[in-house]
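Asker: Sequence and predicted structure are below.
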Amino acid sequence: MELQYKIQGGNFNRAGYASSEVKKVLKQLNVDPKVIKRIVVSLYEGEVNIVAHAFNGVITVDIDTEKIKILLKDSGPGIADIEKAMELGYSTASPTVREMGFGAGMGLANMKKNTDSMTISSKVDVGTEVILINYLNL
Amino acid sequence: MELKTIVQEIEGTVICGHNLLQNQVEYAFASDLMSDVLTVEKDDILLITGLANVQAIRTAEMADIRFIIFARGKKISDEIVQLALENNMVIITSDFSMFRVSGVLFKLGIKPLF
């Protein structure tokens, strides 16, 4: 099963819509609630990252009987130093993002904690790609 | 402790989820930082926050939190209520500050997570 969502940078009112839809699908598939929570927490942090930092993005979700693979691909400023971005507390978020309750430099670390495998690649002034894989233990 | 009792103790107003007030709450967490809320592994906790926007509800949705207190008399938008209703959540507002709400609930025996 493949699902795809377009994400608009800066549109905080809609941030979380894709994660919410994916959560509904996983519930319908009877995935363990603990596994669902890990998946949607990491996806939501990623979705908020696109809204907070990029111009636009696409989230592609691939679900099979064994695992869920989520590709978050955006066009935006990219991440200059991925290692630094992974550090707890490091953030380049704007005051607007902070007003929304994010931007404390916890997102990427929390995404990693909640996924079985996470890879990030990024090009400055082009964009960022994040792949999240979680096993469903069905 | 029953949510109904909590509402009384913090002189709260129930905005939505009146039918869920018989639910019991054992643990609470207070934060305005949603990334902090997203690190909470325990389900069915009570969230106390001053951040009255849609992201607070989305965060609660992802973190499997159904009970939220908005402190310090925050205005709750129709959008927040709509999203909360879709997710079967209880929204309570209180004029008390986050500190006071937390203090009252702590004194009543609601447990902290950390």
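Answerer: Yes, it's here. Residues are numbered from 1 along each chain as shown, chains lettered A, B, ... in the order given.
Asker: Could you list the low-pLDDT ranges of the chain?
Answerer: Here I'm looking at chain A. Scanning chain A for pLDDT under 70 picks out the ranges A:138.
Asker: Do a quick rundown of the helices in it.
Answerer: Taking DSSP state H to define them, one finds helices in chain A at A:17-28, A:33-53, A:82-86, A:95-99, A:107-113.
Asker: same thing with chain B?
Answerer: According to DSSP H, the helices that chain B contains are B:3-9, B:34-37, B:54-62, B:78-86, B:98-107.
Asker: Return the most buried member of those helices.
Answerer: Mean neighbour count (mean count of other C-beta atoms under 10 Å in any protein chain shown) peaks for helix B:54-62 among the helices of chain B, with a mean of 25. C-beta here means a position set from N, CA and C on the backbone, and glycine is covered the same way.
Asker: Show me what that helix is packed against.
Answerer: helix A:17-28, helix A:33-53, helix B:34-37, strand B:46-49, strand B:67-70, helix B:78-86 (3 or more C-beta pairs under 8 Å, 6 or more residues apart in numbering or on different chains; DSSP states H and E).
Asker: Between helix A:33-53 and that helix, find me the angle.
Answerer: 160 degrees (axes from the mean of the first three to the mean of the last three C-alpha atoms, to 10 degrees).
Asker: Give me the mean pLDDT for helix B:54-62.
Answerer: Mean per-residue pLDDT for helix B:54-62: 96.
Asker: beta partners for the residue nearest the centre of chain B?
Answerer: With distances taken as C-alpha atoms, centre = their mean, residue B:68 lies nearest the centre of chain B, 1.6 Å away. Per DSSP bridges, the residues bridged to residue B:68 are residue B:47, residue B:91.
Asker: among the helices of chain A, which is nearest chain B?
Answerer: The closest of those to chain B is helix A:33-53. By C-beta to the nearest C-beta, the value is 4.6 Å.
Asker: How far off centre is the closest one?
Answerer: Remark: helix A:33-53 is offset 5 Å from the chain centroid, using C-alpha atoms, centre = their mean, to the nearest Å.
Asker: Show me what that helix is packed against.
Answerer: Identification of packing neighbours for helix A:33-53 by 3+ C-beta pairs under 8 Å, 6+ apart yields strand A:2-8, helix A:17-28, strand A:56-63, strand A:67-75, helix A:107-113, strand A:127-135, helix B:54-62.
Asker: buried sites along that helix?
Answerer: Going by neighbour count (16 or more other C-beta atoms under 10 Å in any protein chain shown), the buried part of helix A:33-53 is A:35-53.
Asker: can you state the direction angle for that helix and strand A:2-8?
Answerer: When the same axes, to 10 degrees is applied, the directions of helix A:33-53 and strand A:2-8 differ by 30 degrees.
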